[in-house]
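**Student:** predicted model and sequence follow; I will ask about them next.
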Amino acid sequence: MTGATTIITGIGELMTQDAEQRVLKDAAIVLEDERIAWLGPAANAPAADSRYDAGGRACLPGWVDSHTHLVFAGDRTAEFEARMAGQSYAAGGISVTVDATRRASDEELGSLVAQRVAEAGANGTTYLETKTGYGLNVEEEARSARIAAATADELTFLGAHLVPQGWKADDYVQTVTGPMLSAVRPYVQWADVFCETGAFTPDQSREVLRACRDAGLGLRVHGNQLGPGEGVRLAVEEAAASVDHVNHLELSDIDALAGSWSGWEGDPDSRGTVATCLPACDLSTRQPLAPARQLLDAGVPVALASNCNPGTSYTSSMAFCVATAVLQMGLTVAEAVRAATYGGALALHREQTTDDGGRLAVGSLAVGHRADLQLLDAPSATHLAYRPGMQLTHAVWRAGQRLR
Ligand code: NIG
């Protein structure tokens, strides 16, 4: 070891969520700069420069939140109240947030995004994706991308979130795939499309995805959120990293997702399409919960994400998502924690350290991975579901730096 080292001792339970998925009792972990240098039974731990006593608490990887929409101003309380009184969610509500976001200054928007990222971090999220999608013209999408690039770990271009009022859909798609894509390209790694009734048709969605792939972006899809549709099949056909929402699935959708992983042996080049479930959104929109149990049983890798946004899921609490996945979606605690850590990393293609070592693996605890971890104010991860709604985040390290 060459850098400054910290040892965390007194860990009651340590869930690695790496390939071996070990659960260690009486464990210790050594952080060296931004990496994990050692982990194992406390009795065998090496010496370190400084020491932190976990006091018997549980240690997990930091949450990987692979789906958020944090670049917005305003809120939609009235729409939420109307929904709780019986109205159904429709994509058109997005335009309310577009108006508020366009009115915000760069400083306001930058500080709103930074506050939201900090809030997520304080609650254990150590790696986070966010999106544009509340700008919906060339200048405003580029502004959202530039502002979010300062804070988000991964940034997605979602110009194809809604056809703005006054536009013909086909003209708007030409703008998204032309000048808008060029304007955001320096800031983003991913592209997404809302393939749904009231947003973009499968053909329009495919056109957007292909143009973005040609521009070198990885692909993601919002699919099968409000009803059955083509989103999942499109995502698999276009080799998207993830299809998100997945509330209304047919057996053929699940088969297509499972098929995309056949032959996957952990190598980055043959990853399939992750199914990303967004339980907080499902509850807030009163949609059927995504069939995470069925997906896992079929062999589909599942991610859990917050979908933090002002319309359908105004929370970045991954602990809430984990508790919901256990209590209402039929996952075990270990499965839900895995989906909220390793699953999110897989959906962002960040579960492995790159060959040149330039980007460290996140979402699991192993030697050489990024030192992203959290201690719970509880002796085991089971308490996330056993004591739902309680603030259990005790301490958080991101890339070896203490966040909380
Ligand atoms: O992921 N589904 C599309 N986009 C967001 C909702 C955006 C909004 O209503 O503001 C989502 O749920």
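**Tutor:** That came through, no problem.
**Student:** tell me, what residue is most central in this protein?
**Tutor:** By Cα atoms, centre = their mean, the chain has its centre lying nearest to residue 66, at 1.3 Å.
**Student:** what residues are up against it?
**Tutor:** 129, 154, 242, 276, 303, 305, 343-345, 347-348 (Cβ atoms under 8 Å, 6 or more residues apart in numbering). Where C-beta positions appear, they are placed from N, C-alpha and C, glycine not excepted.
**Student:** residues in contact with stretch 278-293?
**Tutor:** Stretch 278-293 is contacted by residues 67, 80, 83, 88-89, 225-226, 244-249, 254, 275, 277, 302, 304-307, 312-315, 317, 320-321, 324-325, 328-331, 339 when judged by Cβ under 8 Å, 6+ apart.
**Student:** select only the buried ones of these in ChimeraX?
**Tutor:** To isolate the buried ones among these in ChimeraX, judged by 16 or more other Cβ atoms under 10 Å, type:
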select :67,80,83,89,225,226,244,245,246,247,248,249,254,275,277,302,304,305,306,307,312,313,314,315,317,320,321,324,325,329,330,331,339
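**Student:** ok, and of the contacts of stretch 278-293, which contact the ligand?
**Tutor:** Counting by Cβ under 6 Å from any ligand atom, 225, 307, 312 from these sit close to the ligand.
**Student:** could these go into a markdown table alongside secondary structure and pLDDT?
**Tutor:** What follows is those, written out as a markdown table (DSSP: H, G, I helix; E, B strand; the rest coil; pLDDT from 0 to 100):
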| residue | secondary structure | pLDDT |
| --- | --- | --- |
| 225 | coil | 97 |
| 307 | coil | 98 |
| 312 | coil | 97 |
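**Student:** closest one of those to the ligand?
**Tutor:** Nearest to the ligand out of these is residue 312 (Cβ to the nearest ligand atom; 3.6 Å).
**Student:** how about the residues of the stretch 1-150 of the chain by the ligand?
**Tutor:** Residues of the stretch 1-150 of the chain lying close to the ligand (Cβ under 6 Å from any ligand atom) are 69, 93-94, 97.
**Student:** which one in those residues is the model shakiest on?
**Tutor:** In terms of pLDDT, residue 93 ranks lowest among those, with 89.
**Student:** shouldn't that one be in contact with residue 74?
**Tutor:** No: counting by Cβ atoms under 8 Å, residue 93 does not reach residue 74; the two are 11.4 Å apart.
**Student:** now residue 339. Nearest residue, chain neighbours left out?
**Tutor:** Nearest residue to residue 339 in three dimensions, chain neighbours excluded: residue 304, at 4.2 Å (Cβ to Cβ, 6 or more residues apart in numbering).
**Student:** same question for residue 238.
**Tutor:** residue 209 (4.8 Å).
**Student:** work out for me the element the one you found sits within.
**Tutor:** If you go by DSSP states H and E, residue 209 is part of helix 202-214.
**Student:** how about the longest helix seen in the chain: buried residues?
**Tutor:** Identified as the longest helix of the chain according to DSSP state H is helix 106-122. Using 16+ other Cβ under 10 Å as the test for burial, helix 106-122 gives 109-110, 112-113, 116-117, 120-121.
**Student:** with pLDDT and secondary structure as extra columns, can I get the contacts of residue 66 in CSV?
**Tutor:** Compiled in CSV, the contacts of residue 66 are given as follows (pLDDT from 0 to 100; DSSP: H, G, I helix; E, B strand; the rest coil):
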residue, pLDDT, secondary structure
129, 98, strand
154, 98, strand
242, 98, strand
276, 99, strand
303, 98, strand
305, 99, coil
343, 98, helix
344, 98, helix
345, 98, helix
347, 98, helix
348, 98, coil
